[in-house]
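> my questions are about this predicted structure, shown below with the sequence.
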Amino acid sequence: MKAIDTRQLHTVFIEWMKGAVESISGVVAVDGKQARRTKDTKKRALHVVSAFSAECGLVLGQPACEEKSNEITAIPKLLEQLELKGCIVTIDAMGTQSEIAAAITNKGADYILPLKENQLGLYRDVKLYFEEYRRNTAGSPAACCARSHSQGHGRFESRSCYICEDISWLEGREKWSNLQGIGVIFSETEENGKKSKQAHYFIYSCKGMTAAQILEAKRGHWGIENKLHWVLDMQFREDKSRARADNSAENLNVLRHWAYNLLKGQSSLKGSFSDKQFKCLLDEAFLDKVIASALCS
């Protein structure tokens, strides 16, 4: 396992996914995850940046980088390998860079990028605008405002989204490829009797989208955490893996993603990932069926 050429394994994985999924649409979420126990005295823990299709629920690709700060250089390399035309790419605040925005639009895709202090001037301008805007929303087009709420496991969250495409006043807008608008999601959460409030500011290139559509796309981004990263830790025990010699940690990460896609795409058995894993253990015919789905893609 440690001797397999990782670059070749990545290439095979991405080519397999291109053949398995004819076209990707909707939100493609890009985020990093660290395999914590792959660290030792001589090397850093494995940090992998994954692209995840929220619509298909599948991993599209995953390069490794040395640490979270290096996601800025790893993300463009990942985007270059993917077919993203017509998609909306979402990334966390680390990826809000003008070069990454340009890489996304060059692939024929759009972006929704969050704003935090790493883009301080832009963040402050957008924050100030929506603080004033929220005090007086009278006369605003209905498509520029949207609300939603969710409830479950003792947690209630309400969200209010506001967007604006009249950004001629925004300083530095010309450095962001095809920038069309700015927005914010104000969220209020109540859990175990405690209330909290947050504001999530962002920029986007999707001209003509309504606030409701952007709110849905922003929420779709979290599928990479809830549907992929959680499964890798809880079902595949990635954080407990101590494989670290040579290429073993990164190669095993690719194979976990491969197994994730195979099980996710296996619809003949209704159940959780653990149900499908257990079925593979007990029933060789089902295991053959799962593996054959990769060969037939």
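Looks like it arrived, so ask away. None of the values given here were measured: they were computed from a predicted structure. Numbering: from 1, shown residues only.
> adjacent strands (with direction) for the lowest-mean-pLDDT helix or strand in the chain?
Scoring the helices and strands of the chain by mean pLDDT, DSSP states H and E places strand 64-65 at the bottom, with a mean of 81. Strand pairing for strand 64-65, determined by DSSP bridges: strand 46-53 (antiparallel).
> mean confidence score for the strand it pairs with?
The average pLDDT for strand 46-53 rounds to 90.
> stretch 90-105 now?
The average pLDDT within stretch 90-105 is 94.
> next: stretch 1-16.
Averaging pLDDT along stretch 1-16 yields 89.
> stretch 254-268 too?
What stretch 254-268 shows for mean pLDDT is 90.
> which outside residues touch that stretch?
6, 9-10, 13, 16-17, 20, 50, 57-59, 62, 228, 231-232, 236, 238, 273, 276-277, 286, 289-291, 293-294 (C-beta atoms under 8 Å, 6 or more residues apart in numbering). C-beta: built from backbone N, CA, C; applies to glycine.
> how about stretch 149-165?
With C-beta under 8 Å, 6+ apart as the test, stretch 149-165 has contacts from 129-130, 133-134, 137, 140, 144-148, 180-192, 204, 207, 209-212, 214-215, 218.
> and the strands in this protein?
According to DSSP state E, the chain carries its strands in the segments 27-35, 46-53, 58-61, 64-65, 88-91, 110-115, 145-152, 155-164, 181-191, 194-204.
> and of those, who's closest to A245?
Taking C-beta to C-beta, strand 46-53 is the member of the strands of the chain nearest to A245, at 12.0 Å.
> got the angle between that closest one and strand 27-35?
Interaxial angle, strand 46-53 versus strand 27-35 (axes from the mean of the first three to the mean of the last three C-alpha atoms, to 10 degrees): 160 degrees.
> centre of the chain to strand 46-53, how far?
For strand 46-53, the distance between its averaged C-alpha position and the chain's averaged C-alpha position is 8 Å (C-alpha atoms, centre = their mean, to the nearest Å).
> got the CA positions of that strand in PDB?
The C-alpha coordinates for strand 46-53 follow below in PDB (Å, rounded to 0.1, in the frame of the first residue of the first chain):
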ATOM      1  CA  LEU A  46      -2.200  14.100   6.400                       C
ATOM      2  CA  HIS A  47      -4.500  17.000   5.300                       C
ATOM      3  CA  VAL A  48      -6.700  16.300   2.300                       C
ATOM      4  CA  VAL A  49      -8.800  18.800   0.200                       C
ATOM      5  CA  SER A  50     -11.900  17.100  -1.200                       C
ATOM      6  CA  ALA A  51     -14.500  18.100  -3.800                       C
ATOM      7  CA  PHE A  52     -17.900  16.800  -3.000                       C
ATOM      8  CA  SER A  53     -21.000  16.900  -5.200                       C
END
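> contacts for it, please.
Contacts for strand 46-53 (C-beta under 8 Å, 6+ apart): 21, 24, 26-35, 38, 58-68, 70-71, 74-75, 78-79, 82, 223-224, 227-228, 244, 249-250, 253, 257.
> ditto for stretch 215-233
Residues outside stretch 215-233 that contact it (C-beta under 8 Å, 6+ apart) are 26-27, 29-31, 33, 50, 52, 54-55, 57, 59, 88, 90, 112, 146, 148, 159, 161, 185, 200, 202, 206, 209, 238-239, 256, 260, 273.
> in stretch 280-288, what counts as buried?
C280, F286 (16 or more other C-beta atoms under 10 Å).
> and the lengthiest helix in the chain with strand 27-35, angle?
If you go by DSSP state H, the chain has its longest helix at helix 248-265. Relative orientation of helix 248-265 and strand 27-35, computed by the same axes, to 10 degrees: 140 degrees.
> can you list the buried residues in helix 248-265?
Neighbour-count burial for helix 248-265 [16+ other C-beta under 10 Å]: 248-254, 256-265.
> can you measure across stretch 157-174, start residue to end residue?
End-to-end distance of stretch 157-174 (C-alpha to C-alpha, to the nearest Å): 35 Å.
> and it, average pLDDT?
In this model, stretch 157-174 has a mean pLDDT of 92.
> any stretches of the stretch 101-250 of the chain with poor pLDDT?
In the predicted model, the stretch 101-250 of the chain carries pLDDT under 70 at residues 138-139.
> mind listing what S272 touches?
Listed by C-beta under 8 Å, 6+ apart, the contact partners of S272 are Q235.
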